[in-house]
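[1] Let me see the structure of the following:
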Amino acid sequence: MTDRTAWFAACGWGVFCHYLGDAKQDTTAWNAQVDRFDVDALVRQLEVVGARFLCLTIGQNSGHFLGPNATYDDLVGVRPSKCSRRDLVAEVGTALAARGIPLLAYLPSGAPAADPVAVERLGWEWGFEGGWPHAWETRRTGKRLAEFQVKWEAVIREWSLRWGGLVRGWWIDGCYFADEMYRHADAPNFGSFAAALRAGNPDGIVAFNPGVKVPVVCHSEEEDYVAGEIAQALPECTGPWVELHGHRARTHILSYLGESWGRGEPRFPPDLVAGYSRHVTAKGGVISWDVPISASGLIPEAFLRHLEHIGRRLRETAGS
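    Numbering: from 1, shown residues only. Got it, this is the predicted structure:
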């Protein structure tokens with residue numbers, strides 16, 4: 001069987017950025033923010049530190065997204081659109097590709113939870129008692145939500161076809177209700193979800209995030225690599241693959257360099273993050289480090305120093 005993740009394993013490490021809007025922003029403010037994003041400056045930063053790939057959010061809970069999508073607009077009906085006029089994903093992907101740096105895209109598995117219009121019109125329901133953001137300590141109330149899934153797959157399919165090979169992979173968040181929503185023989189299911197993600201790039205790699213799991217787990221036989229979300233602890237990497245029912249997915253670990261996702265100051269010394277990155281890559285795994293990013297698209301200097309140290313140490317290891 002062809003290993004879609006061979007290039008990903010060869011990269012070894014990369015950068016993850018949560019570039020997000022605010023639910024309180026109107027579309028004028030969101031478009032103005034996206035228009036100020038300095039693509040060339042960000043790409044120069046990534047090139048200087050030696051980052052081997054970038055994973056960038058398309059959007060999250062605010063309802064604002066980093067690229068046009070007519071399917072989303074038709075389904076949600078909000079005018080003017082909360083999808084940015086500027087196709088920032090395409091611009092970042094093009095600029096990165098010119099420097100040999102792959103782009104991956106982040107997207108939640110559910111509707112933008114802080115946008116009540118989108119939640120209602122897409123037919124989304126949060127699968128824990130009390131609704132979003134109440135979560136882990138409450139009773140599960142998840143449903144299959146087949147109509148929602150069909151709509152969300154259509155939205156994703158348009159983006160995937162739009163960007164094609166510029167997006168080399170997908171990291172899908174919030175797949176907490178897999179038994180209720182995705183583990184079915186008939187579509188919609190994990191298979192149809194993965195097919196929508198790969199519509200524009202059949203070789204695109206896919207991960208579905210079940211939340212923080214230590215050790216990291218393979219969540220679906222449709223995964224090419226594991227989501228690998230980690231919070232405080234940095235677990236041992238035991239090898240290049242994680243298995244589920246005979247299916248194997250590339251080991252991948254994602255954690256944050258700051259105090260939490262996309263914020264704070266670096267929480268570890270540079271030697272620690274470089275050493276742990278070397279531990280993961282030496283075992284055939286891949287590691288992504290989440291760092292803050294400004295509204296204009298720049299990574300703060302304190303984090304650049306850490307990323308540069310990681311890149312330098314891994315280059316030294318590869319050359320030894």
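
[2] pull the CA atoms of stretch 74-91 into PDB?
    What follows is stretch 74-91, C-alpha atoms only, in PDB (Å, rounded to 0.1, in the frame of the first residue of the first chain):
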ATOM      1  CA  ASP A  74     -25.400  29.400   0.300                       C
ATOM      2  CA  LEU A  75     -26.000  27.100   3.200                       C
ATOM      3  CA  VAL A  76     -25.500  29.600   6.000                       C
ATOM      4  CA  GLY A  77     -27.000  32.600   4.200                       C
ATOM      5  CA  VAL A  78     -25.000  35.300   6.000                       C
ATOM      6  CA  ARG A  79     -24.400  38.400   3.900                       C
ATOM      7  CA  PRO A  80     -21.900  39.900   3.600                       C
ATOM      8  CA  SER A  81     -20.000  36.600   3.900                       C
ATOM      9  CA  LYS A  82     -17.800  35.800   6.900                       C
ATOM     10  CA  CYS A  83     -15.500  34.000   4.500                       C
ATOM     11  CA  SER A  84     -12.700  36.400   3.600                       C
ATOM     12  CA  ARG A  85     -12.500  37.900   0.200                       C
ATOM     13  CA  ARG A  86      -8.800  37.300   0.100                       C
ATOM     14  CA  ASP A  87      -7.900  33.600  -0.400                       C
ATOM     15  CA  LEU A  88      -5.200  33.600   2.200                       C
ATOM     16  CA  VAL A  89      -4.800  29.800   2.200                       C
ATOM     17  CA  ALA A  90      -4.100  29.900  -1.500                       C
ATOM     18  CA  GLU A  91      -1.600  32.700  -1.200                       C
END
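
[3] spatially speaking, which residue is in the middle of the protein?
    Compute the mean C-alpha point of the chain, and by Cα atoms, centre = their mean the closest residue is Tyr106, 2.6 Å away.

[4] Enumerate every residue touching that residue.
    16, 18, 55-58, 60, 170-173 (Cβ atoms under 8 Å, 6 or more residues apart in numbering). (Glycine included, C-beta is placed from N, CA and C.)

[5] redo that, cut-off 7 Å
    If you count contacts by Cβ atoms under 7 Å, 6 or more residues apart in numbering, Tyr106 has them with 55-58, 171, 173.

[6] Double-check that it belongs to a strand.
    Yes. Looking at Tyr106 with DSSP: H, G, I helix; E, B strand; the rest coil, it is inside a strand.

[7] who does it bridge with?
    Thr57, Trp171 (DSSP bridges).

[8] quick one: it and Val117, what's the gap?
    According to Cβ to Cβ, to the nearest Å, Tyr106 and Val117 sit 22 Å apart.

[9] surely Gly284 meets Ala9?
    Yes. Under the criterion of Cβ atoms under 7 Å, Gly284 makes contact with Ala9 at 6.2 Å.
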